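>>> structure, please.
(2 chains)
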Amino acid sequence: MSTAPKLTPNQSEELAIAGRDSLPLVAIVGPTASGKSALAVSLARKFKGEVLACDSTQVYRGFDIGTSKPTLEERRGVAHHLLDLVDPDFPFTAGEYRSRAVAVLNDLGHRARLSILTVGTGLYLRALLEGLADAPARSEELRARLEAGANAHSLQYLHRVLRRLDPEAALRIGSRDRPKMIRAIEVCLLTGRPLSEVHRAGRTPLEGYQPIKVGLQPPRAALYDRIERRTRTMLERGWLDEVAGLVRNGVPQNSKPFDFIGYSELRAHLEGTVTLAAATKAIAQATRRYAKRQVTWFRKESLVHWLPGFGDDPAIVAAAERLVAGHLKTSAKSSPAST
RNA sequence: GGACGGGUGGGUGAGUGGCUAAAACCAGCAGACUGUAAAUCUGCCGCUCCUUGCGGGCUACGGAGGUUCGAAUCCUCCCCCGUCCA
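So this is what the prediction gives:
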């Protein structure tokens, strides 16, 4: 399964990153708890890299333990980017991520540092690498009106509207899929063109980077076991206090990160609706399902070098290092421009 | 010991004679997803056979027996659980 390329260690470390026409970019994909952060730090230390989070939840300030944001100790001196970008009430999006990530990528490129992404959110990676369609960002006012319409009538109302604006998209999007219907209608109204047409116009992929995708694929049972244990560890580290503190500090109850896995469950517990044991169980369960969705998504990702284990497993780290080293070497050769 | 109430598929729980392999929800499995994506949505979900069809067979509503053309649904006995009275 894992056929890592052979390469003598060490020779890879001093490979120059600056001065190429195409910069390498390591993307570590895998389900939660598969050890992406640990592997990223290992690779960063080995190859003079820095870590970029590619995770829709870790961009929120104050939501640390529950989103598995790497702690200072876990970062082991490696610089981390794209964490703590916004306050909890800010509606962060894939488009926003892309522009912020591109800026960081370019900065690291100039400083000849290897960019290493820890990818939990597949959509964000796709938005970054392949780009998004040339569609307008979300419009809160328009959405408010659409929501009102949906509430006044029914979800079927939204689907009828969509069918009129873009029959093709209406066929593709389920008549109960509220968020996707709203986005589709939003784009249609804002651009004056059907979403399907906007999509057909293509995307703007990231230029100047050559992604090296490394996938972590631990056995399902082992992953679920680790999720179970990690959930408990997070609680031991004071997750509940974190939630209580957020509530105390007046973070709006309806802000998005409160819907993330665990935060709603722990809030319910703080309100006395459920026992901590029940909440813990529910959290592990939700996390398992999330992991499954990630696996499903990443399976379709192209050109991933899959490694059959956890990112903190020395054997996996070694395999990943060989892989990255191999890519750095070959791309250095094929790249004529090096000072 | 007595009086009620109850035992339904992995869980909760509808269902009181045929339209019921048995609602709904949860869990589980699989999948989709181009700007809220840790979100959202979809399919499957007793076993089995094939010419994969609103197909066939088998098993199933605590247990055993009975009534009936037909029972998760009615009757009898037994077992178990809960509440109350002793």
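>>> where exactly do the helices run in chain A?
With DSSP state H, the ranges of helices along chain A come out as A:36-47, A:72-75, A:94-110, A:122-129, A:140-152, A:155-165, A:167-172, A:178-191, A:195-200, A:220-236, A:239-248, A:263-270, A:276-299, A:314-334.
>>> quick check: mean pLDDT across the longest one?
Pointing back at helix A:276-299 there. Averaging pLDDT along helix A:276-299 gives 95.
>>> just confirm yes or no for that helix near RNA strand B.
Yes: Helix A:276-299 lies within reach of RNA strand B by C-beta under 7 Å from any atom of the strand, at A:285-290, A:292-297, A:299. From N, CA and C alone the C-beta is placed, and that goes for glycine too.
>>> which residues are in contact with the residue nearest to A:Thr67 when sequence neighbours are not counted?
Distance criterion C-beta to C-beta, 6 or more residues apart in numbering; nearest residue to A:Thr67, sequence neighbours excluded, is A:Thr57 at 4.1 Å. With contact set as C-beta atoms under 8 Å, 6 or more residues apart in numbering, A:Thr57 has these partners: A:Phe63, A:Gly66, A:Thr67, A:Gly120, A:Thr121, A:Pro257, A:Phe260.
>>> give me the subset of those lying in strands.
Among the contacts of A:Thr57, no member falls in strands (criterion: DSSP state E).
>>> got JSON lines for the helices of chain A, with mean neighbour count too?
Shown next, in JSON lines, are these (neighbours: other C-beta atoms under 10 Å):
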{"stretch": "helix A:36-47", "mean neighbour count": "23"}
{"stretch": "helix A:72-75", "mean neighbour count": "11"}
{"stretch": "helix A:94-110", "mean neighbour count": "17"}
{"stretch": "helix A:122-129", "mean neighbour count": "22"}
{"stretch": "helix A:140-152", "mean neighbour count": "13"}
{"stretch": "helix A:155-165", "mean neighbour count": "17"}
{"stretch": "helix A:167-172", "mean neighbour count": "16"}
{"stretch": "helix A:178-191", "mean neighbour count": "19"}
{"stretch": "helix A:195-200", "mean neighbour count": "18"}
{"stretch": "helix A:220-236", "mean neighbour count": "16"}
{"stretch": "helix A:239-248", "mean neighbour count": "17"}
{"stretch": "helix A:263-270", "mean neighbour count": "20"}
{"stretch": "helix A:276-299", "mean neighbour count": "17"}
{"stretch": "helix A:314-334", "mean neighbour count": "18"}
